[in-house]
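Engineer: What shape does this take:
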Amino acid sequence: MLRRLYDWTMALASGKQAPWALGGVSFAESSVFPIPPDILLIPMVLAERRKAVQFAALCTITSVLGGIFGYIIGAFLYEQVAAPILGFYGYQDKFADFADWFAEWGPWIVFTAGITPFPYKVITIASGAVGLAMPVFILASVLSRGIRFFAVAGLLYVFGPPIKDFIEKRLGLVFTIFVICLVGGFLAIKLL
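Structural biologist: Okay, here's the model as predicted:
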């Protein structure tokens, strides 16, 4: 099933409606869809490098809007919609422990999930379910999703096709290490 979704998404990247598809996939990925928008963003930027900023902005805006939709699912439809989605991704049992972390670390959790390969949709739904303040959620989402998509588009704009393999294989790891160092630095400052 995931392979068919992947193939379908890749076909969207080459069509006339690619920007609409990018926006739609980016929106849906932030709340329910399992395929990240990067698989559309990468070929689109490579095909039209002069539109890299436009594509990254579209991806960021629609991703944050999709995140707000995920937040609403978590806030108002947890039992009917969110619990089955969390169960599908194997996070239902861990949700109670996770909710406790949100009380203290909510903005950092949203930021981390928005920039790393962690399924962002899980965090958007969880943010609504635990009642994270909406402005805090939106700010953390805009910053993290913007960093992620503008970094991908920027690297593709500057380096072109040779950077594609690096992005697909290692950029998630680089972002994860960056976030660990960032959070670790703040923890060290707080504890010292």
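
Engineer: so which helix or strand takes in L58?
Structural biologist: Here L58, judged by DSSP states H and E, is contained in helix 52-76.

Engineer: other SSEs contacting the helix or strand containing E104?
Structural biologist: Using DSSP H and E, E104 maps to helix 95-115. Applying 3 or more C-beta pairs under 8 Å, 6 or more residues apart in numbering; DSSP states H and E, one finds that helix 95-115 contacts helix 120-130, helix 134-159, helix 164-191. Just so you know, the C-beta spots here come from the backbone N, C-alpha and C atoms, and that holds for glycine as well.

Engineer: So which bits of the helix holding L58 are buried?
Structural biologist: 52, 55-56, 58-75 (16 or more other C-beta atoms under 10 Å).

Engineer: now swap in stretch 77-89 and tell me
Structural biologist: Here stretch 77-89 shows Y78, V81, A82, A83, I85, L86 as buried, counting by 16+ other C-beta under 10 Å.

Engineer: now do stretch 128-136
Structural biologist: By 16+ other C-beta under 10 Å, the buried positions in stretch 128-136 come out as G128, A129, V130, L132.

Engineer: Just give the closest residue to the second one, not the sequence neighbours.
Structural biologist: What it means is A129. Leaving aside its chain neighbours, A129 sits nearest to G74 (3.7 Å; criterion: C-beta to C-beta, 6 or more residues apart in numbering).

Engineer: likewise the first one?
Structural biologist: Using C-beta to C-beta, 6+ apart and skipping residues adjacent in sequence, the residue nearest G128 is G74, 2.8 Å away.

Engineer: now A133, nearest residue through space, not along the chain?
Structural biologist: For A133, ignoring the flanking residues on the chain, the nearest one in space by C-beta to C-beta, 6+ apart is G106 at 7.9 Å.

Engineer: Could you report the pLDDT at that neighbour?
Structural biologist: For G106, the pLDDT comes out at 87.

Engineer: State the number of residues packed around it.
Structural biologist: 21 (other C-beta atoms under 10 Å).

Engineer: Just to check, it is in contact with M134?
Structural biologist: No. With contacts counted by C-beta atoms under 8 Å, G106 stays clear of M134, the gap being 11.3 Å.

Engineer: where does G90 fall, helix, sheet strand or coil?
Structural biologist: Secondary structure assignment for G90 (DSSP: H, G, I helix; E, B strand; the rest coil): coil.

Engineer: Pull the contacting residues for V122.
Structural biologist: L86, Y89, Y91, A113 (C-beta atoms under 8 Å, 6 or more residues apart in numbering).
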